[in-house]
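# How does the following fold in three dimensions:
(4 chains, ligands or ions: 4)
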Amino acid sequence: MTVESTAARKPRRSGKRVSAATKPQSSEPQLVQLLSPEGERVEHPDHRIELTPEELLGLYRDMVLTRRFDAEATSLQRQGELGLWASLLGQEAAQIGSARALRDDDYVFPTYREHGVAWCRGVDPTNLLGMFRGVNHGGWDPSANNFHLYTIVIGSQTLHATGYAMGVAKDGADAAVIAYFGDGASSQGDVAEAFTFSAVYNAPVVFFCQNNQWAISEPTERQSRVPLYQRAQGYGFPGVRVDGNDVLACLAVTRWALERARRGEGPTLVEAFTYRMGAHTTSDDPTKYRHDDERAAWEAKDPIQRLHTLLQREGHADEAWFAALEEESDALAKRVRESVRAMPDPDPVSIFDNIYADGNSLVDEERAQFTAYQASFAEGGN
Amino acid sequence: MTVESTAARKPRRSGKRVSAATKPQSSEPQLVQLLSPEGERVEHPDHRIELTPEELLGLYRDMVLTRRFDAEATSLQRQGELGLWASLLGQEAAQIGSARALRDDDYVFPTYREHGVAWCRGVDPTNLLGMFRGVNHGGWDPSANNFHLYTIVIGSQTLHATGYAMGVAKDGADAAVIAYFGDGASSQGDVAEAFTFSAVYNAPVVFFCQNNQWAISEPTERQSRVPLYQRAQGYGFPGVRVDGNDVLACLAVTRWALERARRGEGPTLVEAFTYRMGAHTTSDDPTKYRHDDERAAWEAKDPIQRLHTLLQREGHADEAWFAALEEESDALAKRVRESVRAMPDPDPVSIFDNIYADGNSLVDEERAQFTAYQASFAEGGN
Amino acid sequence: MAVTKLPLAKALNESLRKALEDDPKVLIMGEDVGKLGGVFRVTDGLQKDFGEDRVIDTPLAESGIVGTAIGLALRGYRPVVEIQFDGFVFPAYDQIVTQLAKMHARSLGKIKLPVVVRIPYGGGIGAVEHHSESPEALFAHVAGLKVVSPSNSSDAYWMLQQAVHSDDPVIFFEPKRRYWDKSEVDTEAIPGPLHAARTVREGTDLTLAAYGPMVKVCVEAAAAAAEEGKSVEVIDLRSMSPIDFDAVQASVERTGRLVVVHEAPVFYGSGAEIAARITERSFYHLEAPVLRVGGFHAPYPPARVEEEYLPGLDRVLDAVDRSLAY
Amino acid sequence: MAVTKLPLAKALNESLRKALEDDPKVLIMGEDVGKLGGVFRVTDGLQKDFGEDRVIDTPLAESGIVGTAIGLALRGYRPVVEIQFDGFVFPAYDQIVTQLAKMHARSLGKIKLPVVVRIPYGGGIGAVEHHSESPEALFAHVAGLKVVSPSNSSDAYWMLQQAVHSDDPVIFFEPKRRYWDKSEVDTEAIPGPLHAARTVREGTDLTLAAYGPMVKVCVEAAAAAAEEGKSVEVIDLRSMSPIDFDAVQASVERTGRLVVVHEAPVFYGSGAEIAARITERSFYHLEAPVLRVGGFHAPYPPARVEEEYLPGLDRVLDAVDRSLAY
Ligand SMILES: Cc1ncc(C[n+]2csc(CCOP(=O)(O)OP(=O)(O)O)c2C)c(N)n1
Ligand SMILES: Cc1ncc(C[n+]2csc(CCOP(=O)(O)OP(=O)(O)O)c2C)c(N)n1
Ligand SMILES: [Mg+2]
Ligand SMILES: [Mg+2]
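Ligands and ions are numbered 1, 2, ... in the order given. Alright, predicted model coming up:
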């Protein structure tokens, strides 16, 4: 059962026009939206959300700090402190909304762009930068925050999430799992197999697809000729498209999907319809393949701006609060900048660490040879 | 658009109850059926078929000869003439019906069980036995009959079919491609990727899934919790479930799907709902995992018996015709038996043949060494 | 009684049973491992006794099997997954190489993935294509994986126990044509290290090194050579990654000659690694170059010529003679 | 003018352009190969000039890319597919190993699959995980595939032409850290055979054999050794399957010493195959064991230590010294 079909049955209680929802004949699929681009609340028959002013402010703060962190990382890359950066600019609502729906016991399997999710899980932003600086391949303890390492091989982590969720179900634990992936990833066989396994085992997993319209230079039409959320139906579980730039809708829909999972109702696919405002990574040049006006149209749907408008209209925050947040952002950026610069290069001999948990004679031999070889320079040898 | 949704809109013109079609509330999905298990013609709002008596007799003959060939192969395996055999028993209608929908220019990508399809394509049955005897890995020229080699790695061939169909479209040819696969195969990532590619490129390919209820010992519920034909929808093309034991329906639905492909309307998924009456292969022991009564229930739906009833009721054939066919079957079995027994073992040095089309120095070296080594025995050496 | 004579497949079955009994976190996963007990019956009866929750029939998708096993391991389980035949491990290759092998290092040691991937491998059973291959080199080249293969029932029993207990991923190659060979298993023995080679037969003139299905052939070759007065030592390597080079080196430095035997193609096979390393270590001890006996650079051939393709007694003896002729 | 100085990536681009011009059946397929021109711009401008029908952006699915390329080849096309980075070839590994490599043999020669799989490979560009690997041994072990790697612009241009013309599947490894290195290309030359090694520098004391990105390092090492009075011959193997053993053997039988250098891990790497075979062929000519310089048995490390991981001038010279010390 998709939200689309449900929406067709129930009367809408709000007079507010919400994207395609008011156009049943439209070829545009329906989008769950609770906060319009103009910053007005919108009602939806299936999904609603009650948040305290503190919670609203919290979401806003998360998005602002995440964006600031992201911008700082981009400039650190420009300064040569990082080898690469994958910006989440534009996807803050999808990430913060979905991540704030999680409980501590839930487990997250990210791609390489989920900086906002990491933030909500309590992963220190500095830790995310290690792999982009080139000092490690993943610098945090996944079990500390139930936030798995970034996965670069597209789609792989959806199977890990499914397996993890199968384990959660075996344990009878009151928890759920969320797997993030992109529109491009939806084409990988692994993602399809994750759908199959999760459906067959009724695993408590939410597949959260950030459709940011692009997989590097390829538009989503290169991956599918129908909206991605519809993919789920053919595997026997619901798919929902949510306005990925609407933090309230992302929170509400993800919460609903996680609840389904925890209640034993199995997997859900959430497609967050959003936009990658920046380049794919700092190595990419989007002018080669897309027009500026597309970006401009999405700027009008900015996830932070619309919540800003709401907070102001509903009087949840005054200028002082915004100013304090600005200061907090600056402090975060400063801290990140300083700790990245202070991040030491790894000891070369660490190349031989952690290859095996139980040890390995070949690694020991190579480590010893390497150490002796290195030492030969120190001694003026060779 | 699935047949299911269409069927709900149009009134049925026949009073005959056809499986689930008359039970709209049923959880059983609708099945396109044109010939009931009792051998009575059934009408269907979307699919109909007009066949001459000769064509009907032809289908019957194809099924009978295929079954006889299959039984002969099974007994040749028992006699030690083949190493293995994968019987198609029970799936004759699915194979003959779909294959007789093909034109010469169409191209077929089979699994390892499509003996009936091979028959319709004009592949000499004896040629199919080479790989099961262990004298080759595929003994026919695929381009001679537009019938690709059997593919054993589950699901792989669906991508080859898709690529081939992309080529057909590029050539602007008036042809279509059909890919056979099983219910188990539907779980493979490759099959999902084939759905994605074929949809994105609108390739003229029909995915023909013989859901014979089992993947070795695993029932279809291990692969999907919803009917397999529904998988297609999420990729943006139609899926239809057809009575796989009804040769008329299989012919009609496949023809329709091939026509769609040729008209440039892209891929279709046809799920032929049938049953593997025998063991998975001659190495398998189905008593380990399934009950006899299941098989018995399907016996009542036998594809050959129901066409036999129809032919008799409509008076298309007399006893002499059936007797002649029986003789033809015997002759076929005899020919197959004799030619298999006469099939020579390959020359060992052929191990080095056809590894590379352009030649390879290593292969040449190894062939020379091998030949010299073999010769050392002949010469009384070593 | 702790000592019994068991077919190799049954020893594996007992080993899995023990693993399931000892640790509730151990799971069996794969195609047809449940009611059917696997196409070789290695998991026979286990689902019946331990339930569908622990012995899990999976969808037909090898990447999914290994990928979800990784997820289960992350959750604290110890999955033992079965790949039905050697030739069907490749859909899972990406998950094995990019995820299973690397996650421990990627996490700086914080993640451990105690996953065993069982693969019946090798030829000699008259099977159709993809059912007779020996792809061990394709795993041994990859850091983060351990690759082993038992040659007899005792090793089958104990090495599988050790693989399950290992906190590293282990690719466990089972010599399928030896499944029915019976030999003694002492279920109360104290096994040696998983990656140590074992001297099967002592000798002074030449060393034969092999693993899995070829150990038996080498032992027979050594016996045949003995009749001709040649004293051949046979080493069962047991582990293809890491390789117990010390044991091979020690033997070669006594015998002066080495022949490595495996079913896998010689070109880029494990024999190459052993030849290269032993030649480097024991350059002045070798009376002859290390010779390799193995498969050709060819797809595994149709069953009716596999006996010519597989290294058999004669080909091993031929290499022994060639080595001794130096 | 037929002779121009081009960066290696541009030589590949020109080669693809020529292939598209010469034969309407040639197709380019891959992720981002169209408008973007590939992440390394190797296909830059080709979609613009040859259209979306010939230069095809594919869905993000490597198995799908290779699998559909096989289908297109069956239909008479000659697809040249791009895998974006070395570490992302593994989802396609099953299609490459079980289908692309074997279909010619499976069909008793009736099917030919002229598919080229281009893979930018190797390290040294400061990239994140999966973007710096050298998996060539994993393909070279598989019969039915040809595996090559150019080290300079001229070979890039010509070897890619030859790969496209080959009726066999070719895995074409492109040394990505040499993409920007310029050298001369004569587009009217008559190229030698695709699988022949080339002597890059002559010498009498020792032979260095390398391919792809390591050829440059070896040439520099030979120059440095020359300053110390050591005459080192450098061979660019160019092909990892088949390997031009005759050329290496001829050189080694003159110099008496061989060091093989590659980025890939040494364990089960191409150096093992070369060492084993050359030792067998030239046992009495070798003054020292064949030494191997390459990657460690470790996942490719984070970029900030890759210079220590990669075989550089010093490590090659160290091996040269060790060999000469025998
Ligand atoms: C298996 C694999 N193939 C190719 C790549 C190279 N690559 C990295 S990101 C990317 C595009 C991903 O697009 P999408 O899934 O939409 O995620 P997004 O980057 O838009 O967040 C590609 C092709 C990869 N990382 N893994
Ligand atoms: C990749 C792969 N994995 C496993 C196998 C072993 N195997 C052969 S047939 C089969 C079951 C196939 O079931 P299905 O797709 O339903 O086809 P059917 O045999 O029922 O016609 C399996 C698991 C295989 N051939 N290929
Ligand atoms: Mg995207
Ligand atoms: Mg089936």
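
# which residue packs closest to the closest residue to chain D within the stretch 1-150 of chain A, ignoring adjacent ones?
The stretch 1-150 of chain A approaches chain D most closely through residue A:134 (3.0 Å), counting by Cβ to the nearest Cβ. Just so you know, the C-beta spots here come from the backbone N, C-alpha and C atoms, and that holds for glycine as well. Using Cβ to Cβ, 6 or more residues apart in numbering or on different chains and skipping residues adjacent in sequence, the residue nearest residue A:134 is residue D:303, 3.0 Å away.

# count of neighbours near that neighbour?
26 (other Cβ atoms under 10 Å in any protein chain shown).

# likewise residue A:61?
Around residue A:61 there are 17 other residues, counting by other Cβ under 10 Å.

# who touches the residue nearest to residue A:134 in this structure?
Contacts for residue D:303 (Cβ atoms under 8 Å, 6 or more residues apart in numbering or on different chains) come out as A:83, A:134, D:126-128, D:132.

# now do residue C:39
B:216, B:283-284, C:32, C:84-85.

# Now which of the residues you listed would you call buried?
Neighbour-count burial (16 or more other Cβ atoms under 10 Å in any protein chain shown) applied to those gives B:216, B:284, C:32, C:84-85.

# for the stretch 51-200 of chain A, what spans make up the strands?
For the stretch 51-200 of chain A, the strands defined by DSSP state E, counting those that start in this stretch cover A:107-109, A:177-182.

# mind checking how far the shortest one is from the chain centre?
What that stands for is strand A:107-109. Strand A:107-109 sits 10 Å away from the centroid of its parent chain (Cα atoms, centre = their mean, to the nearest Å).

# and which of the buried ones among the contacts of residue C:39 is nearest residue A:300?
residue C:84 (54.2 Å; Cβ to Cβ).

# Pretty sure residue C:31 is one of the things that closest one touches, is it not?
Yes. Counting by Cβ atoms under 8 Å, residue C:84 does reach residue C:31; the two are 5.3 Å apart.

# Who are the contact partners of the residue positioned nearest the centre of chain A?
Geometric centre of chain A, nearest residue: residue A:114, 3.6 Å, by Cα atoms, centre = their mean. Neighbour list for residue A:114: A:88, A:95, A:108, A:150, A:180 [criterion: Cβ under 8 Å, 6+ apart].

# re the thing from before, could you dump the contacts of residue D:303 into TSV and include pLDDT and neighbour count?
Below are these laid out as TSV (pLDDT from 0 to 100; neighbours: other Cβ atoms under 10 Å in any protein chain shown):
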residue	pLDDT	neighbour count
A:83	97	22
A:134	98	24
D:126	97	17
D:127	98	23
D:128	98	23
D:132	98	27
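
# Export the residues you listed as CSV, with columns for distance to residue B:184.
Formatted as CSV, those follow (distance: Cβ to Cβ, whole Å):
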residue, distance to residue B:184
A:83, 44
A:134, 43
D:126, 44
D:127, 39
D:128, 37
D:132, 38
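
# Which single one of those is nearest to chain C?
residue D:128 (11.0 Å).

# Chain C: helices as residue ranges?
C:8-22, C:46-50, C:62-74, C:93-94, C:103-106, C:137-140, C:153-165, C:214-227, C:245-255, C:270-281, C:306-309, C:313-324 (DSSP state H).

# Pick the most buried one from the ones you listed.
Stretch with highest mean neighbour count among the helices of chain C: helix C:62-74 (a mean of 30; mean count of other Cβ atoms under 10 Å in any protein chain shown).

# what's that one packed up against?
Under the contact criterion of 3 or more Cβ pairs under 8 Å, 6 or more residues apart in numbering or on different chains; DSSP states H and E, helix C:62-74 touches helix A:156-171, helix A:189-200, strand C:26-30, strand C:78-82.

# Quick check: the gap between the residue nearest to the centre of chain A and chain B.
In this view, residue A:114 and chain B are 23 Å apart by Cβ to the nearest Cβ, to the nearest Å.

# And the longest helix seen in chain A, how far out from the chain middle?
In chain A, taking DSSP H as the definition, the longest helix is helix A:53-78. Centre-to-centre, helix A:53-78 and its host chain are 13 Å apart (Cα atoms, centre = their mean).

# now for that helix, which elements pack on it?
Checking 3+ Cβ pairs under 8 Å, 6+ apart, helix A:53-78 ends up next to helix A:92-99, helix A:115-121, helix A:125-133, helix A:247-262, helix A:303-313, helix A:319-342.

# 6 Å instead?
Helices and strands touching helix A:53-78, by 3 or more Cβ pairs under 6 Å, 6 or more residues apart in numbering or on different chains; DSSP states H and E, are helix A:92-99, helix A:115-121, helix A:303-313, helix A:319-342.

# just checking, which of these sits deepest inside the structure?
Mean neighbour counts for the helices and strands packed on helix A:53-78 (mean count of other Cβ under 10 Å) peak at helix A:92-99, with a mean of 31.

# Do that one and ligand 1 come into contact?
No. Figure legend: helix A:92-99 not in contact with ligand 1 (Cβ under 6 Å from any ligand atom); closest approach 10.4 Å.

# sorry, back to before: as JSON lines, the contacts of residue A:114 with distance to chain B and pLDDT would be great.
Shown next, in JSON lines, are the contacts of residue A:114 (distance: Cβ to the nearest Cβ, whole Å; pLDDT from 0 to 100):
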{"residue": "A:88", "distance to chain B": "26", "pLDDT": "98"}
{"residue": "A:95", "distance to chain B": "25", "pLDDT": "98"}
{"residue": "A:108", "distance to chain B": "23", "pLDDT": "98"}
{"residue": "A:150", "distance to chain B": "22", "pLDDT": "98"}
{"residue": "A:180", "distance to chain B": "19", "pLDDT": "99"}
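
# returning to what we had before: need the contacts of residue C:39 in TSV with distance to ligand 3, can you?
Formatted as TSV, these follow (distance: Cβ to the ion, whole Å):
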residue	distance to ligand 3
B:216	38
B:283	46
B:284	44
C:32	37
C:84	35
C:85	37
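
# Identify the farthest-apart pair in the residues you listed.
Spanning the widest gap among the contacts of residue C:39 are B:284 and C:85, at 13.9 Å by Cβ to Cβ.

# Low-confidence stretches in chain C?
C:1 (pLDDT under 70).

# Fine by me, thanks again.
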